[in-house]
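Participant: how would this look folded up:
(one chain, ligands or ions: 2)
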Amino acid sequence: IHVIPVFVSAMAAPPVVIWEREVRQLLSPADLIPRLEDALGKFSRRDAAEVLQPVRTAVPLQKHGGFMGLMPTYMEKDGVLSTKFVCFYKREEGSTLPAVQATVVLLDPEYGNVKAVMDGEVITAMRTAAVSAISAKLLMPPQAEVLAILGTGKQALSHCRVFTEMFSFKELRVWSRTKEGAARFIRSIDGPVQGCSTAEEAVRGADVIVTVTGSTQPVLFGQWVKAGAHVAAVGACRPDWRELDDVLMKEAVVYADSREGAMLESGDVILSGAEVFAELGDVINGTKAAHREKTTVFKSLGMGVEDAVSAQLVFDRWKAQAGKF
Ligand SMILES: NC(=O)C1=CN([C@@H]2O[C@H](COP(=O)(O)OP(=O)(O)OC[C@H]3O[C@@H](n4cnc5c(N)ncnc54)[C@H](O)[C@@H]3O)[C@@H](O)[C@H]2O)C=CC1
Ligand SMILES: O=C(O)C1=NCCCC1
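Facilitator: Ligands and ions are numbered 1, 2, ... in the order given. Next up, the predicted model:
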């Protein structure tokens, strides 16, 4: 008698592809913000069953002046496994090429198959702005009236949208290194925006300042910043890149998304020698104070866990809409 072995194969369905237009339809800052707050809090508890997220691996693309970042994350309790591939570039003056391109892959943690491949640019733009808005909610001075944005690219637009949706600033100012950049930004925004010809003019007297440039040298100087203002510093994500000067970094109380990330990747933190006082998640968890009365800097580098919860939300919405599974 021949026994024929029977292999039960759990053939996974091929991954779904969810691209930019669909991601944009399925994701909103209002739905994302509570999930990001929860994720930041979980990350800062350093409980491996909640979030496992190594610091991003950055592979230099020397010939092209860029990096490919790999951002894997596992949330065991929530059953979420993902990784983002993100390429980011140092762009020269006058360049119109995008600084960032990204794709997010969502996997089934039990079997390891890929469930979805998603456009990562909408996710990156929206989750980064949403995390900056969380930092402002926690750290900006009470009755903040003036918002200044330095930079006029994708992140500037998403920050402007999320901040104006979440808060009611009386005045919005923007600065770009080029006139065309500022004009394009102003045309894309619905409400009133004041275009400024220098970064100093944009930030003097501002209560909240967002730096979203591709600069590798400081564009924001402490002597221009009003005491008690909040700065969300989003660019300069390599150890030798800067957006803020030493004066600001040393005078402000510095918060980060990830302490380890900031110590390894942030030129503003490493080169100024400033101390990271807390992670945003520590403030959310109530284990560190929110020093609203002082000048504060939130140094954002971006974390895989932010992409993981964003991608899971997109996937859940996509399934519900498609009536699948
Ligand atoms: N912290 C985070 O989670 C994330 C950070 N980023 C960073 O945010 C920054 C902006 O990204 P995007 O808006 O996607 O890029 P983008 O290319 O769309 O816009 C970049 C902006 O910076 C300006 N810029 C470039 N070089 C400059 C310089 N030397 N001085 C002054 N302005 C300069 C450009 O004119 C443009 O307005 C980049 O540094 C990027 O690496 C991007 C995604 C996530
Ligand atoms: O978190 C991200 O995504 C990025 N962070 C720094 C620069 C590029 C993208």
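Participant: number of residues surrounding residue 297?
Facilitator: 31 (other C-beta atoms under 10 Å). All C-beta atoms are positioned from the backbone trio N, CA, C, and that covers glycine.
Participant: strands paired with the host helix or strand of it, and their directions?
Facilitator: Under the criterion of DSSP states H and E, residue 297 resides in strand 296-299. Next to strand 296-299 in the sheet, as set by DSSP bridges, lie strand 230-233 (parallel), strand 253-256 (parallel).
Participant: mean confidence score for the last one?
Facilitator: The predicted model assigns strand 253-256 a mean pLDDT of 99.
Participant: closest residue of the stretch 1-150 of the chain to ligand 2?
Facilitator: For the stretch 1-150 of the chain and ligand 2, the shortest gap (C-beta to the nearest ligand atom) falls at residue 88, measuring 3.8 Å.
Participant: so which strand or helix has that residue?
Facilitator: Per DSSP H and E: strand 80-89 holds residue 88.
Participant: C-alpha coordinates for that strand, PDB please?
Facilitator: Presented in PDB, the C-alpha positions along strand 80-89 are these (Å, rounded to 0.1, in the frame of the first residue of the first chain):
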ATOM      1  CA  VAL A  80      -0.200  44.200  13.000                       C
ATOM      2  CA  LEU A  81       3.000  43.600  11.000                       C
ATOM      3  CA  SER A  82       4.200  46.000   8.500                       C
ATOM      4  CA  THR A  83       7.200  47.700   6.900                       C
ATOM      5  CA  LYS A  84       7.700  50.900   5.000                       C
ATOM      6  CA  PHE A  85      10.300  51.400   2.300                       C
ATOM      7  CA  VAL A  86      11.000  55.100   2.000                       C
ATOM      8  CA  CYS A  87      13.600  56.800  -0.200                       C
ATOM      9  CA  PHE A  88      14.600  60.300   0.700                       C
ATOM     10  CA  TYR A  89      16.900  62.700  -1.000                       C
END
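Participant: and the following helix or strand past that strand, which strands flank it?
Facilitator: Counting by DSSP H and E, the next helix or strand C-terminal to strand 80-89 is strand 100-107. Neighbouring strands of strand 100-107 in its sheet, by DSSP bridges, are strand 80-89 (antiparallel), strand 114-119 (antiparallel).
Participant: who in the stretch 151-300 of the chain is up against ligand 1?
Facilitator: Proximity of the stretch 151-300 of the chain to ligand 1 is confined to 151-156, 176-178, 181, 212-215, 219, 234-235, 237, 300 under the rule C-beta under 6 Å from any ligand atom.
Participant: just the buried members of these?
Facilitator: Neighbour-count burial (16 or more other C-beta atoms under 10 Å) is assigned, among these, to 151-156, 176-177, 181, 212-215, 219, 234-235, 237, 300.
Participant: the residue in the chain positioned nearest to ligand 2 and residue 157, how far apart?
Facilitator: Proximity of the chain to ligand 2 (C-beta to the nearest ligand atom) peaks at residue 302, 1.8 Å away. Using C-beta to C-beta, to the nearest Å, residue 302 is found at 17 Å from residue 157.
Participant: those two: which is more packed in?
Facilitator: More neighbours surround residue 302 than the other of residue 302 and residue 157, with 24 against 19 (other C-beta under 10 Å).
Participant: and the helices in the stretch 1-150 of the chain?
Facilitator: 20-26, 29-45, 121-139 (DSSP state H, counting those that start in this stretch).
Participant: any residue of stretch 304-321 touching ligand 1?
Facilitator: No: using C-beta under 6 Å from any ligand atom, stretch 304-321 stays clear of ligand 1, coming no nearer than 7.5 Å.
Participant: quick one: is that stretch near ligand 2?
Facilitator: No: Stretch 304-321 stays clear of ligand 2 (C-beta under 6 Å from any ligand atom), getting no nearer than 6.9 Å.
Participant: residues in the stretch 101-250 of the chain within reach of ligand 2, list them.
Facilitator: 102, 124, 237.
Participant: what about stretch 136-146, how long is it end to end?
Facilitator: 12 Å (C-alpha to C-alpha, to the nearest Å).
Participant: the residue of the stretch 1-150 of the chain closest to ligand 2 and residue 260, how far apart?
Facilitator: 19 Å.
Participant: equivalent analysis for residue 270, please.
Facilitator: Distance from residue 270 to residue 260, by C-beta to C-beta: 12 Å.
Participant: what's the answer for residue 242, then?
Facilitator: From residue 242 to residue 260 the distance is 20 Å (C-beta to C-beta).
Participant: do the same with residue 251
Facilitator: 24 Å.
Participant: do the same with residue 296
Facilitator: 20 Å.
Participant: same question, residue 110
Facilitator: 28 Å.
Participant: ditto for residue 43
Facilitator: Distance from residue 43 to residue 260, by C-beta to C-beta: 11 Å.
Participant: then residue 63?
Facilitator: Using C-beta to C-beta, residue 63 is found at 29 Å from residue 260.
Participant: repeat for residue 272
Facilitator: Distance, residue 272 to residue 260, by C-beta to C-beta: 18 Å.
Participant: more neighbours: which of those two?
Facilitator: residue 272 (19 against 14).
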